[in-house]
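# I would like to see how this sequence folds:
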Amino acid sequence: MTYHSIRQIIEQSKMEGRTVLTEIESKQLFAEAGIQVINTKLATNREQAVTLSKEIGFPVAMKIISPDISHKSDVGGVRLNLQTPEEVSKAFEDILATIKENYPKATVHGTSVQTMARPGTEIIIGMFKDPQFGPVLMFGLGGIFVEILKDVSFRIVPLTQKDAKEMIREIKGYPLLEGYRGREKVDVSNLESILLKISNFVEQYPEIKEFDLNPIFAYRNGVVVVDARVILAE
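Numbers count the residues shown, from 1 in each chain. Alright, predicted model coming up:
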């Protein structure tokens with residue numbers, strides 16, 4: 001399914017009575033908001049998965065697409081670094097069989113087929129709504145770091161340029177963004193710009209209750225969102 005605007009994505013989910021967007025929808029939403037996301041397509045059958053993987057180019061990653069499953073890797077719904085059409089075909093069958101066996105009542109749309117992103121510094125940007133202060137943005141080191149280190153900063157929306165600068169620089173892991181011990185230096189000014197874009201986006205669409213962009217791979221010359229999860233208000 002292809003959408004042409006953020007509003008269409010939100011309205012379609014409302015019509016279907018869903019508050020949790022799929023990974024495909026979540027990425028389309030942020031792409032429309034001007035945020036760079038990894039090339040991701042929906043495959044509804046094995047043959048389509050193979051065709052899409054050839055179009056995207058190997059290696060690819062595949063993930064279960066279901067509004068009922070948020071933590072895809074925890075349920076055996078992810079396959080990475082697939083190098084051939086045969087591996088893609090088998091991965092599609094294996095993912096769907098695993099989900100059918102363990103989550104028979106889950107609604108399954110298919111799997112995503114996406115470019116295997118070059119590893120970078122993993123970042124998380126998220127938003128939740130505080131009962132008193134309203135939308136709050138979160139920034140920090142992503143991937144497993146966010147769960148282990150909990151090295152994050154927060155600001156109330158709307159953000160100023162000063163807020164964006166401070167959010168990034170006050171996390172303890174900031175030296176990693178500066179190229180600590182030979183790591184690739186991250187384009188911090190680009191991260192600031194993305195935080196401001198997302199702040200503006202949150203103000204424009206109050207229907208969005210919360211989201212996580214995790215991980216975002218940050219590089220010397222840009223960033224790309226690898227995974228996204230969006231939850232709408234009831």
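
# Name the SS class of residue 68, please.
coil (DSSP: H, G, I helix; E, B strand; the rest coil).

# sec struct for the residue lying farthest from the centre of the chain, please.
Outermost residue of the chain with respect to the C-alpha centroid, by C-alpha atoms, centre = their mean, is residue 181; its distance is 27.8 Å. Here residue 181 takes the helix state, with states given by three-state DSSP.

# where does it land on pLDDT?
Reading off the per-residue confidence, residue 181 sits at a pLDDT of 82.

# That one: what's it in contact with?
Contact criterion C-beta atoms under 8 Å, 6 or more residues apart in numbering gives no residues in contact with residue 181. In this view, the C-beta of every residue, glycine as well, is placed from N, C-alpha and C.

# how near is it to residue 209?
39 Å (C-beta to C-beta, to the nearest Å).

# mind listing the helices for the protein?
Listed from the start of the chain, the chain has helices (DSSP state H) covering 6-15, 23-32, 46-56, 85-102, 144-148, 161-169, 174-177, 188-204.

# Tell me the buried residues in the longest one?
Yep, that's helix 85-102 we're talking about. Residues of helix 85-102 classed as buried: 87-89, 91-92, 95-96, 99 (neighbour count, 16 or more other C-beta atoms under 10 Å).

# do stretch 23-30 as well
For stretch 23-30, a neighbour-count test (16+ other C-beta under 10 Å) marks 23-30 as buried.

# mean pLDDT lowest for which of the helices of the chain?
Averaging pLDDT over each of these singles out helix 144-148 as the lowest, with a mean of 69.

# which one's the longest strand in the protein?
The single longest strand within the chain, with elements called by DSSP state E, is strand 208-219.

# for it, packing partners?
Contact analysis of strand 208-219 by 3 or more C-beta pairs under 8 Å, 6 or more residues apart in numbering; DSSP states H and E lists strand 121-130, helix 188-204, strand 222-225, strand 228-232 as its packing neighbours.

# Just want the angle from that strand to helix 23-32.
When axes from the mean of the first three to the mean of the last three C-alpha atoms, to 10 degrees is applied, the directions of strand 208-219 and helix 23-32 differ by 80 degrees.

# Tell me the strands beside strand 208-219, with direction?
The strands that strand 208-219 pairs with in its sheet are strand 121-130 (antiparallel), strand 222-225 (antiparallel), strand 228-232 (antiparallel) (by DSSP bridges).

# got the ones you listed as JSON lines, with mean pLDDT columns?
As requested, the strands paired with strand 208-219 are exported to JSON lines (pLDDT from 0 to 100):
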{"stretch": "strand 121-130", "mean pLDDT": "96"}
{"stretch": "strand 222-225", "mean pLDDT": "94"}
{"stretch": "strand 228-232", "mean pLDDT": "94"}
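
# returning to what we had before: tell me the spacing between the residue farthest from the centre of the chain and residue 187.
For residue 181, the distance to residue 187 (C-beta to C-beta) stands at 19 Å.

# of all the helices and strands packed on strand 208-219, which lies closest to residue 215?
Smallest distance to residue 215 across the helices and strands packed on strand 208-219 (C-beta to C-beta): 4.0 Å, for strand 121-130.

# which one of the buried residues of helix 85-102 is nearest residue 61?
Sorting the buried residues of helix 85-102 by how near they are to residue 61, with C-beta to C-beta, puts residue 91 at the top with 9.2 Å.

# Quickly list what the residue nearest to that closest one when sequence neighbours are not counted is bridged to.
Among residues not flanking residue 91 along the chain, residue 79 sits closest, at 4.0 Å (C-beta to C-beta, 6 or more residues apart in numbering). Applying DSSP bridges to residue 79 yields these beta-bridge partners: residue 62.
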